[in-house]
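J.: heads up, no residue letters with this:
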């Protein structure tokens, strides 16, 4: 898997939310300034070539759907961030966010509770 460019990620977020869509359905859900139809079509084609999207043919149009789930990409992106900025250390990453966001003791306890719950 490869890291997506900002606009590619924005388009994938829409496809993950919709599950299936034509290009014309994606454009209104993108942040402003809205890209031109041809720009979105080009990026969607690139996403399909990269293996993120596939399509079904409906008449003379393509209805696209995600091949890679949001969760799969989140896992990949998070591993990439931890590797690049935190020397592959999740504790360092969590400590950074706790310090940066000035998390309260209650919020830290809540995080620990969520982690423990997920491990069960």
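T.: Thanks, I have the structure now. As the structure is a computational prediction, the values presented were derived from the model and not from experiment. Numbers count the residues shown, from 1 in each chain.
J.: Residue 96 reaches residue 86, doesn't it?
T.: Yes - with contact defined as Cβ atoms under 8 Å, residue 96 reaches residue 86; the gap is 6.9 Å. Yep, even glycine has a C-beta here, placed from its N, CA and C like the rest.
J.: For stretch 93-107, give me every contacting residue.
T.: For stretch 93-107, the surrounding residues in contact (Cβ atoms under 8 Å, 6 or more residues apart in numbering) are 81, 82, 85, 86, 108, 111.
J.: Check stretch 70-77 too.
T.: The contact list for stretch 70-77, computed with Cβ under 8 Å, 6+ apart, reads 1, 3, 4, 12, 13, 16, 52.
J.: The second one in helix, strand or coil?
T.: Reducing the assignment to helix, strand or coil with DSSP: H, G, I helix; E, B strand; the rest coil, the entry for residue 3 is coil.
J.: dump the residue contacts of it.
T.: 76, 77, 80.
J.: Now list the buried members of the residues you listed.
T.: Listed as buried from the contacts of residue 3 is no entry at all; burial here means 16 or more other Cβ atoms under 10 Å.
J.: which ones among these are found in helices?
T.: With DSSP state H as the criterion, helices contain 76, 77, 80 from among these.
J.: picking up where we left off before, now, of the contacts of stretch 93-107, which are buried?
T.: Buried residues within those, defined by neighbour count using 16+ other Cβ under 10 Å: residue 82.
J.: Of the contacts of stretch 93-107, just say which sits nearest to residue 61.
T.: Set against residue 61, the nearest of the contacts of stretch 93-107 by Cβ to Cβ is residue 81 (36.6 Å).
J.: neighbours of the residue nearest to that closest one when sequence neighbours are not counted, just the number please.
T.: Counting by Cβ to Cβ, 6 or more residues apart in numbering, the nearest residue to residue 81 once its immediate chain neighbours are dropped is residue 93, at 7.4 Å. Applying other Cβ atoms under 10 Å, we find 16 residues neighbouring residue 93.
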